[in-house]
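S.K.: From the sequence below, what's the structure:
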Amino acid sequence: MKKIYIILLSIIGVISSCTKHEDIIDTSLQPGSILCSDGSIVHPSLFSPSEKEAIGVVFWCNDGNNPNIKETAYAVSLEDLEENPLIDTDEDIANVSEDENSFDGAANTAAIMNFAIKDSLAYPAAQKAIEYAPKGVTGWFIGSIAQNKAISNNLEKIYSSFSIIGGTHFDGWYWSSTEDGAGKDTPKVFALISSLTKGRATSTSKRNSFKIRPIIAIR
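M.R.: Alright, predicted model coming up:
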């Protein structure tokens, strides 16, 4: 009888061990991971507001399939910035991409700023994104249309983390930093905007006003 008891205990131990193994959570860097003000990135299940200050949520991680992308990941901010025109011009901005598949929001935003400063133009939306510094963390920019679509593709995981850290849900249309390349003259006047909830994009005058949701690169 004693032997049977020992065997049963062993079986229970194995079952218990398997159950615990199945409950293990993958806490590696992934969409939904929380970016903190100290530069650390934590899984939502491990986030403690008494220990960390959240400033963003990861929406894309580099799988190594695109050698042109050097960044490890990108994170989106927790709040909208107010509606503003992208830039006060009807010119094709040098070094701003029209590629709807490129993750070049940082380069585009910098090019908008440089163009505006050179010609003494207002660039309210781009300037707000560049000056954004939650908890003193700088380096934010307006996402390209491809980066904005990546946000839409991971909406459920982003919102799940927002519910933990108090992020504001997306609503309406947001600037991208990508010019409209549909026609020969369209880049002069138009840039693309995104519906981050639906993954849709459309074109509008750079002088129109839309919200900004800054993003940041994680290297």
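
S.K.: tell me which element the most centrally placed residue in the chain is part of?
M.R.: The chain has Val76 as the residue nearest its centroid, 3.1 Å off, counting by CA atoms, centre = their mean. Assigning secondary structure by DSSP states H and E places Val76 in strand 73-77.

S.K.: counting contacts, what elements does that strand pack onto?
M.R.: Contacts of strand 73-77 with other secondary structure elements, assessed using 3 or more CB pairs under 8 Å, 6 or more residues apart in numbering; DSSP states H and E, are made with strand 54-61, helix 145-153, strand 215-218. (Each C-beta comes from the backbone N, C-alpha and C, glycine too.)

S.K.: what stretches of the protein score poorly on pLDDT?
M.R.: Along the chain, segments meeting pLDDT under 70 span 1-23.

S.K.: on that earlier part again, specify the beta-bridge partners of the residue nearest to the centre of the chain.
M.R.: Here Val76 sits in beta bridges with Val57, Ile215, as judged by DSSP bridges.

S.K.: My read is that it contacts Ile218, right?
M.R.: No: applying CB atoms under 8 Å, one finds Val76 not in contact with Ile218, separated by 11.4 Å.

S.K.: Can you add distance to Thr109 and mean neighbour count and give the helices and strands packed on strand 73-77 back as CSV?
M.R.: Listed next are these as CSV, based on distance: least, CB to CB, whole Å; neighbours: other CB atoms under 10 Å:
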stretch, distance to Thr109, mean neighbour count
strand 54-61, 16, 24
helix 145-153, 11, 22
strand 215-218, 10, 22
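
S.K.: In a markdown table: those, plus distance to Lys198.
M.R.: Converted to a markdown table, these look like this (distance: least, CB to CB, whole Å):
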| stretch | distance to Lys198 |
| --- | --- |
| strand 54-61 | 15 |
| helix 145-153 | 7 |
| strand 215-218 | 18 |
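
S.K.: Could you pull up the contacting residues of Lys70?
M.R.: Lys70 makes contact with Arg219 under the criterion CB atoms under 8 Å, 6 or more residues apart in numbering.

S.K.: What ranges does the chain have for its helices?
M.R.: When assigned using DSSP state H, the helices of the chain occupy the ranges 2-22, 105-118, 124-131, 145-153, 155-165, 186-189.

S.K.: Pro91 - nearest residue in space that isn't next to it in sequence?
M.R.: Actually, residue 91 is Glu rather than Pro. Lys188 (5.7 Å; CB to CB, 6 or more residues apart in numbering).

S.K.: was I right about the one you found contacting Ala94?
M.R.: No: Lys188 lies out of contact with Ala94 (CB under 8 Å); the separation is 11.8 Å.

S.K.: more crowded one of the two?
M.R.: Neighbours per residue (other CB atoms under 10 Å) separate Lys188 from Ala94, with Lys188 holding more: 15 against 10.

S.K.: tell me the contacts of the more buried one?
M.R.: Taking CB under 8 Å, 6+ apart as the criterion, Lys188 is in contact with 90-92.

S.K.: Please report the distance of it from Asn148.
M.R.: Look at Lys188 and Asn148: by CB to CB, to the nearest Å, they are 22 Å apart.

S.K.: swap in Ala54?
M.R.: Ala54 sits 21 Å away from Asn148 when distances are taken as CB to CB.

S.K.: Pull out the buried positions in stretch 134-142.
M.R.: Of the residues in stretch 134-142, those buried under the neighbour-count criterion (16 or more other CB atoms under 10 Å) are 134, 137, 140-142.
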